[in-house]
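Asks: Take this sequence and fold it.
(2 chains)
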Amino acid sequence: MSKQLKSPGLWLSLAIVVAFGLWPALAGNKAYARETTFTILKAVALASSLNILLGYTGYVSFGHIVFFGLGGYVGFYLMEVHGLHLAVAVLAGGLSAALLAFLLGKAILRLRGAYFALATIGVNEAVRAFIKNFDPFGGPIGMTLNFQVYKAYGGPDRALWIAYIATALLTLVIVLVSFLVKTSRFGLGLMAIRENEDAAEVMGVVAPNAKTWAYVLSALFPGMIGVLFFFKNGNIEPGDAFVLHQSIEAIVMVMLGGQGTVLGPILGAAAYQRLRGLLLVSPLFKNIQLAVAGVLLLIIVLFVPAGVIGWLRGRFPRLRRVLE
Amino acid sequence: MSAQPILQVRDVSKRFGGLQALSHVTFDLPPGQILGLIGPNGAGKTTLFNCINGIYTPEEGRIFFRDREITGWKPYHVARLGLARTHQIVQPLNELTVRENVMAGACFGHEQHSLSEAEKIADEVLEFVGLAERRDMLAHSLNVAQKKRLELARALAARPYLLLLDEVLAGLNPTEIAEMVEVVRGIRDQGVTILIIEHVMHALMNVSDRVIVLDYGQQIAEGTPDEVANDPKVIEAYLGDPELAERLMGE
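Replies: Model prediction:
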């Protein structure tokens, strides 16, 4: 552990997240910078979580946003209906997403390759359909946070800052966990599964367990982030919580930066969000920004399958210590 | 002498659809020995390995390893008991370094080492098989002979009691074969019991204490290399031509 913590690669990754996190404090228009950065941090958190499954373990989840949505719903429900504190709601949201992943993992992680990916899409759609018809969660209309709830946090403005700071800290934790997983014995087992699952089992890697825990870990944090996002948002509905294309955007971010690296998903997420921001305000591209994501994914898969960081690591082996 | 066999295979049969891949294979392997397994292509040698290490479950028969029945166990459970194997077709973890490949063997094999211990073991084992200076290369950049050594190193890093070697000599040139044979002997001298499938006959006959011959899933002969080589059934089934057989054994 102490040896792991001396890695310059870890500190570079953490420093970048800290720099994003502090940006609103230094910017002129603080509220605007906070909203922009919140989107980036959320993307970094989702991409880094997905990377544990996609990058380290080699399993493509097309429906990862289901954990974000489900966690968000559970947390929101606890705050709105039962008046629980945000911190409790965040934990509960994360744990419920993790529990769903655990149960799903036992069932669908037997599937490999494309079959697993298809199953994950099915799960996202199934959960969305369920929530849409689940009255305690507001059915198709969803739920809106009573304004009184923000009062407990010192008013809406302070509540937004609290959500922001919590998101920034949580993102730091996620990046740290991502690094610790990658450089641990558990991570070596995951990467052995990614490279050759049969050979890994012959070596003694208990693949069903390792895959399930990787899935649980990669679902836990999106669930927590979901609670913070919808707390800040003030309302939640099925259409916003389970947006399938956001799952695909998360894959683009991971692939762009470099799957299986710690730094890759951070940079990939930031770059993709920046690009998306530019496209959304461009009159030419605003309606086809998702098409750009598709083209981008195609280009990455065809020409730089290892992503930017992966390519740099391969091209300049000396950088490997720094670009973890 | 501890006479208790490390591996007992009792009456094992395996069928794939209409094909009887193994029928009633039975043998004992005492600790510290090298047992050779030979037979023509398709005789069921690799299938037998797959039954022993849990990739397949045999329809009939039982398998005991170190006095525990392991019939139908998963490969990872068998591995954790101290059984390691190499594959006929090499299975490197391509995007990991040579050293990480071997560390994975040490981490998840029966001794369940931590990463830092696994690093030490990996370096020792890589030295032993002669891959030490390539330890930081990615596994896919090795050539075939080096990949075979990597397979072996990964299996050895688990510090197994029993090692199943599936054609570690295939595709190697004569110099490489001679080197590899020395490595295999070195492993036995460390006290590891070995079950080895090999097509390179003279090498196998040199290195094995005993040999079992399979043909169409049937166990047609068992004995010392000399006995087996002179068994008319073996000569007929496996080598076809007695003169060719004599020439092969003479080498």
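Asks: what's the helix or strand harbouring residue A:255 packed up against?
Replies: If you go by DSSP states H and E, residue A:255 is part of helix A:244-257. For helix A:244-257, the packing partners by 3 or more C-beta pairs under 8 Å, 6 or more residues apart in numbering or on different chains; DSSP states H and E come out as helix A:30-51, helix A:65-82, helix A:114-132, helix A:263-281, helix A:289-303, helix A:307-315. For the C-beta atoms, the positions are set from N, CA and C on the backbone; glycine is no exception.
Asks: Name whatever forms a beta bridge with the residue lying closest to residue B:208 once chain neighbours are set aside.
Replies: Leaving out its chain neighbours, the residue that sits closest to residue B:208 by C-beta to C-beta, 6 or more residues apart in numbering or on different chains is residue B:36, at 3.4 Å. Bridge pairing for residue B:36 (DSSP bridges) gives the partners residue B:196, residue B:211.
Asks: so what's residue B:36 up against?
Replies: B:196, B:197, B:198, B:204, B:205, B:207, B:208, B:210, B:211, B:212, B:225 (C-beta atoms under 8 Å, 6 or more residues apart in numbering or on different chains).
Asks: Report the helix or strand with the lowest average pLDDT across the chain.
Replies: No chain was given, so I picked chain A. In chain A, no helix or strand scores lower on mean pLDDT, DSSP states H and E than helix A:289-303, which sits at a mean of 88.
Asks: centre of the chain versus it, how much separation?
Replies: In this view, helix A:289-303 has its centroid 19 Å away from the chain centroid, taken as C-alpha atoms, centre = their mean, to the nearest Å.
Asks: Tell me the one of the contacts of residue B:36 nearest residue A:77?
Replies: Of all those, residue A:77 sits closest to residue B:197, with 60.2 Å by C-beta to C-beta.
Asks: And the closest one, how close does it get to residue B:9?
Replies: Per C-beta to C-beta, to the nearest Å, residue B:197 is found 14 Å from residue B:9.
Asks: ok so, going back, which one of the helices and strands packed on helix A:244-257 lies nearest to residue B:103?
Replies: Closest approach to residue B:103 among those is made by helix A:307-315 (18.8 Å; C-beta to C-beta).
Asks: near chain A, which residues of the stretch 101-250 of chain B?
Replies: B:103-105, B:107-110, B:114-116, B:118, B:154, B:158 (C-beta under 8 Å from any C-beta of the partner chain).
Asks: what do you get if the cut-off is 6 Å, keeping everything else the same?
Replies: Proximity of the stretch 101-250 of chain B to chain A, by C-beta under 6 Å from any C-beta of the partner chain, involves residues B:104, B:105, B:107, B:108, B:109, B:115.
Asks: Could you verify that the third one is part of a helix?
Replies: Yes - Residue B:107 sits within a helix when classified using DSSP: H, G, I helix; E, B strand; the rest coil.
Asks: which bits of the stretch 201-324 of chain A sit near chain B?
Replies: Residues of the stretch 201-324 of chain A lying near chain B (C-beta under 6 Å from any C-beta): A:201, A:202, A:203, A:204, A:205, A:206.
Asks: Need those residues in CSV (columns: neighbour count, pLDDT and secondary structure).
Replies: Shown next, in CSV, are those (neighbours: other C-beta atoms under 10 Å in any protein chain shown; pLDDT from 0 to 100; DSSP: H, G, I helix; E, B strand; the rest coil):
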residue, neighbour count, pLDDT, secondary structure
A:201, 25, 96, helix
A:202, 28, 96, helix
A:203, 28, 96, helix
A:204, 29, 96, coil
A:205, 27, 96, coil
A:206, 18, 96, coil
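Asks: ok, now how distant is the residue nearest the centre of chain A from residue B:30?
Replies: Nearest to the mean C-alpha position of chain A, counting by C-alpha atoms, centre = their mean, stands residue A:46 at 1.1 Å. Going from residue A:46 to residue B:30 by C-beta to C-beta gives 57 Å.
Asks: give me the number of residues near residue A:33?
Replies: Residue A:33: 15 surrounding residues under other C-beta atoms under 10 Å in any protein chain shown.
Asks: show me what contacts it?
Replies: Contact analysis of residue A:33 by C-beta atoms under 6 Å, 6 or more residues apart in numbering or on different chains lists A:23, A:24, A:27.
Asks: got a winner among those residues for most neighbours?
Replies: The most neighbours of any of the contacts of residue A:33, using other C-beta under 10 Å, belong to residue A:24, which has 21 neighbours.
Asks: pLDDT of the helix or strand harbouring that residue, averaged?
Replies: Counting by DSSP H and E, the element that carries residue A:24 is helix A:8-26. Averaging pLDDT along helix A:8-26 yields 93.
Asks: Give me the local confidence score for residue 187.
Replies: Because you didn't say which chain, this covers chain A. 97.
Asks: To clarify, I was referring to chain B.
Replies: Note on residue B:187: pLDDT of 93.
Asks: list the buried ones in the helix or strand hosting it?
Replies: Assigned by DSSP H and E, residue B:187 falls within helix B:174-189. For helix B:174-189, burial by neighbour count (16 or more other C-beta atoms under 10 Å in any protein chain shown) applies to B:176, B:177, B:179, B:180, B:181, B:183, B:184, B:187, B:188.
Asks: May I have it as PDB, with CA atoms only?
Replies: Output in PDB follows, covering the C-alpha atoms of helix B:174-189 (Å, rounded to 0.1, in the frame of the first residue of the first chain):
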ATOM      1  CA  PRO B 174      16.600 -29.100 -31.400                       C
ATOM      2  CA  THR B 175      18.700 -26.700 -29.300                       C
ATOM      3  CA  GLU B 176      15.600 -25.300 -27.700                       C
ATOM      4  CA  ILE B 177      14.300 -28.800 -27.000                       C
ATOM      5  CA  ALA B 178      17.500 -29.800 -25.300                       C
ATOM      6  CA  GLU B 179      17.300 -26.700 -23.100                       C
ATOM      7  CA  MET B 180      13.700 -27.300 -22.200                       C
ATOM      8  CA  VAL B 181      14.400 -30.900 -21.300                       C
ATOM      9  CA  GLU B 182      17.000 -29.700 -18.800                       C
ATOM     10  CA  VAL B 183      14.400 -27.200 -17.400                       C
ATOM     11  CA  VAL B 184      11.900 -30.000 -17.000                       C
ATOM     12  CA  ARG B 185      14.400 -32.200 -15.200                       C
ATOM     13  CA  GLY B 186      15.300 -29.200 -13.000                       C
ATOM     14  CA  ILE B 187      11.700 -28.900 -12.000                       C
ATOM     15  CA  ARG B 188      11.500 -32.600 -11.100                       C
ATOM     16  CA  ASP B 189      14.700 -32.200  -9.000                       C
END
